[in-house]
Every structure is written in structure tokens, then in C-alpha cells.
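J.: Curious how this folds, go ahead:
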Amino acid sequence: MTLVMKFGGTSVGSADAIRSTAELILNSKQEWGNVVVVASGMGSKPIKVTDLLLDGAYAAANDDEETYKAYAKQMRRIHYTAIDGLLSPDRERQAILADNERFIGRYEALCQAVFVLGELTPRALDAIAGMGEQMSVRILAAYLRELGHDAEAVDATEIVVTDSHFQAAAPLFDQTTEKTQAHLLPILERGGIPIVTGFIGADEHGVTTTLGRGGSDYSGAILGQALQADEVWIWTDVDGVMTADPRIAPNARSIPTLTYREVSELAFYGAKVLHPKTMRPVVEHNIPLRIKNTFNPDHPGTVIVSHSETPNGFLKAVTAIKDHSLITVEGKGMMGVPGIAARTFGAVARSGVSVLLISQASSEQSICFATPADSAETVISGLQIEFAVEIAQRDIDRVWAISPVSIVTAVSAGIRGTPGIAGKLFTAVGDNGVNIIAIAQGSSECGISIVVDGDDTAKAVAAVHELIVAHL
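T.: You can find the predicted model right below:
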């Protein structure tokens, strides 16, 4: 059986964290047989190596020659402290120190070039951003070898083939599968443990790319698909996906099982869960994806599946996304006029703004939609230009916004066919003194979204969460 495990920055953030991670890897290998590890760059709060790499590069582009040098020294301290705490002087310590110095030296050279040119291209950013992973996997693999196990650090640039869309590259799965199997299967067949860099890949010309948001998690899913793994585990610092943000709902609990659609809905509306693109490679191939807690490894976490055979008929989770504006286009002359909606959202698209929620009155006298609050003025200006004639003729009375508002979304794939869910949700929110400004529900019935005043966000989330907890 093959298990792919991805570890985040906190799991490799120090010598102690790496020891604990190594123990998890070895325990899993004993149970599963074949284990492939994907690791992020080192990251212990509040310092993340990837942030240091990028912030230093941006500083260099802004004519600052000191910051990246200071960050290079800081990265040396972080990595060298971990290496000294893990590796023996008479074994691989000096070699791994030299490896890390090579990457940090290259980082300084790239930043110096950026400083001289005064330009930081997406290609240069990708070359810089993935160095944290390249350093951390070498340390983790060397420590496993020090413990007497066959472990090999693998740069994903050798196996994950992508397009050339720097900063958010898309994997080319056929080429990636071929290279991954050719490179990793021999390591597994001899009983070894591949330790692969997350977040990065390379295009067809061998140029380093990065996979964008959730890149290291995405790497785990990509390798899971390429190797036809039995499961993929994402190790993080929480017990899976929670029913709500524990800061708002202290009695929040982890959810044992979620479907891909449910997690996608939660991620879209602000929950700190996996990005939908991360899950697709494995879920579409019926490979379970499990989110587990490095610091509580016995907890089963949350498993994400393509669909649930016995969906829960009630709500599973609630999340909120804040700092939005609800923009309304309204007028008595809109009724029955073709193309109003198309022109509205065409104008929004030309403003370069994303719409998160749409609601329209059945009388067609108003359309409202939510956008980020800091984009409201731009969107309203664009709409006023688009409908200048209709506004002058009083067919459209006004274009206006309520701000700030929050979108509170309750999620469960089992809402379909379960009567009364919406009514209970609205009653719970109303009984807690929260006014609902707008409502939206997709035809898939996977989620119900309400718009509330920004000041009522916590009350609305807590009210919905009490409904969820009552049915657990």
C-alpha cells in the first residue's frame, strides 16, 4: 500500500518538529509499506522561510540592498540551528550545511541581480520562492538516514512538469506521471523513503515554477494521483476541518467526513481549508484525502471523498468571509428588459473585480451582488458609466452599496431533499438579533449563504453553529 504524506512548515520548523515528523513518517512506513513524503519550507510562528525569501526579493526590487542580506543571515541561523540539533559532526552535518549554504548563496546572488536591475519578474520569484523547500527536504532526509533509514531528497523540478505560467503553474499530468513513476518507484521498490519538495515544479524547458496558493498541498495530491496512492494525508496544526472558526465558536469540532463539493464551498467562502484545486487530482481518482494534526497524530482528522453514500441531511459547517460590499442596481424600468444582468456583470468584469454572491428579486427590479469592500467604488463607477443612459431616463434609479458586510455560509451536501433547513437557519439567526440583508442558494443545494452587517458576523456564525452542534 502507498501513502503520500505532506508536511507543512510547522512540521519541519525546528529540530524538535523534524524529530516528531520523522517519527510519524517511520510509524506510517511500518503500517503502510510505501511512504512518499512532501515537505514545505521551514516555518515556525511567526517566521516562515518562504516569507523571508519573498520579502527579501521584493525589498531588493525596491532599491533595498540590506533587507535580503539580513534575511539571508536569519535563514542561515534557522537552518544551521536545526542541522546542528539533528545531525552528527562525523556523519552528514557538514555536507548538509554546505548544501544549505549553496541555496542561500544563490538566493543572495539572485536578489543582488534584482537590486541592480530594479525588476522582479515572475520567473525570478519562482526561482527564489521554492528554495525553502529545497533546503528543508535535505535536512529531513539526512536526519532519517542518520536514524538508519534509506531516505532520499528529491527536487520536484525533476518530476512535476508544469506549464510556464509562473507563480501559478498548472501541472501537466501525463508528463508528471511518467517522470514521477520513473524517479520514485525505484526508491520505493528498494524500501526507501522519497522526501519531495512541495510547492515547486519545472516547465517543459526545465525552468523552475511554483504551483501558487496551497502549492505544497497541491504537490501531495499531484504525487498521489501519479503514484495511484491508496491515501494522501495533509499534516497540519489542526484536527482536520472544523465545524466553525474556534475563535468565534469555542465549541467547534472536527468533521469526520466531507465531500469535495462541501470543502470547495467552505474554501470559497473563507474557511481555512484546502484550496479546491489541491483536492481535485486525488478526489477525481477516488483517492481519499485526509487532513491530520501533526501535534495530535492519534486524532483521525477529516477525510475528504468524492461523494458521500449516506449524506448528512443537516448542516456540517459554517464559515464567514468579511469586509465585503453588497452592491445593488435597482430601478422600476429594469423589469422585463433583456440584457440588464449581462451588462451589469460585464461592467463588473471590466473593472477586474470578482463577484462572490448574486441575488435578484423575482420582479427583476433589482440585482445585488457582493464584492470585496475595497473594490466597491470602482465597481459602482463602472456601473454608472455602463448605465448612464438608463440612469438619466430614470429606468435605473440608483446604484449603491452597503458596506461592510459579511457572507455567512452554511454547508452540507445533504441539504438537498431535507425540508426545513433554510427555515431553521433563518430562525436561528433572527432569534439572535441578526438582520439578513440578502440570501443566495445554488441549485446544487450544497450551501446556503446569507449577507449580514459586518458587526453581526460573530453572532450569525455562532447562531448557525449552535444548530450544527445540536445535530452532531
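
J.: Would you mind confirming that Val318 makes contact with Val411?
T.: Yes - Val318 lies in contact with Val411 (C-beta atoms under 8 Å); the separation is 7.3 Å. Any C-beta I mention is one placed from the backbone N, CA and C, and that applies to glycine too.

J.: out of those two, which sits in the busier spot?
T.: It is Val318, of Val318 and Val411, that has more neighbours when counted by other C-beta atoms under 10 Å, with 32 against 28.

J.: Secondary structure element holding that one?
T.: For Val318, the host element (DSSP states H and E) is strand 317-330.

J.: just Ala70 next, same as before
T.: Using DSSP H and E, Ala70 falls in helix 67-86.

J.: Send over that helix as CSV, restricted to the C-alpha atoms.
T.: Taking Å, rounded to 0.1, in the frame of the first residue of the first chain, the C-alpha atoms of helix 67-86 are listed here in CSV:
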residue,chain,number,x,y,z
THR,A,67,16.9,43.6,3.9
TYR,A,68,17.6,40.5,1.8
LYS,A,69,21.1,40.2,3.3
ALA,A,70,19.7,40.4,6.8
TYR,A,71,17.1,37.7,5.9
ALA,A,72,19.9,35.5,4.4
LYS,A,73,21.6,35.7,7.8
GLN,A,74,18.4,34.9,9.5
MET,A,75,17.8,31.9,7.3
ARG,A,76,21.3,30.6,8.0
ARG,A,77,20.6,30.7,11.7
ILE,A,78,17.3,28.9,11.3
HIS,A,79,18.6,26.1,9.2
TYR,A,80,22.0,25.8,10.8
THR,A,81,20.4,25.5,14.3
ALA,A,82,18.2,22.7,13.0
ILE,A,83,21.1,20.9,11.4
ASP,A,84,23.3,21.2,14.5
GLY,A,85,20.4,19.8,16.6
LEU,A,86,19.8,16.8,14.3
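
J.: Helix or strand next in line after that helix, which one?
T.: Past helix 67-86, the next helix or strand by DSSP H and E is helix 93-117.

J.: mean confidence score for stretch 420-431?
T.: Average pLDDT, stretch 420-431: 89.

J.: Report the angle between the helix holding Ala70 and helix 93-117.
T.: Angle of helix 67-86 versus helix 93-117, following axes from the mean of the first three to the mean of the last three C-alpha atoms, to 10 degrees, is 170 degrees.

J.: Summarise which helices and strands helix 67-86 is packed against.
T.: helix 15-32, helix 49-61, helix 93-117, helix 131-146 (3 or more C-beta pairs under 8 Å, 6 or more residues apart in numbering; DSSP states H and E).

J.: before we move on, back to that, for the helix or strand following the strand holding Val318, output the C-alpha coordinates as PDB.
T.: Counting by DSSP H and E, the element after strand 317-330 in chain order, helix or strand, is helix 340-350. The C-alpha coordinates for helix 340-350 follow below in PDB (Å, rounded to 0.1, in the frame of the first residue of the first chain):
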ATOM      1  CA  ILE A 340     -29.600  44.100 -17.800                       C
ATOM      2  CA  ALA A 341     -27.800  41.300 -15.800                       C
ATOM      3  CA  ALA A 342     -25.400  40.700 -18.700                       C
ATOM      4  CA  ARG A 343     -24.400  44.300 -18.900                       C
ATOM      5  CA  THR A 344     -24.200  44.600 -15.100                       C
ATOM      6  CA  PHE A 345     -21.700  41.700 -14.700                       C
ATOM      7  CA  GLY A 346     -19.900  42.700 -17.900                       C
ATOM      8  CA  ALA A 347     -19.200  46.100 -16.300                       C
ATOM      9  CA  VAL A 348     -18.000  44.400 -13.100                       C
ATOM     10  CA  ALA A 349     -15.700  42.100 -15.100                       C
ATOM     11  CA  ARG A 350     -14.200  45.100 -16.900                       C
END
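
J.: Brilliant, that's me finished.
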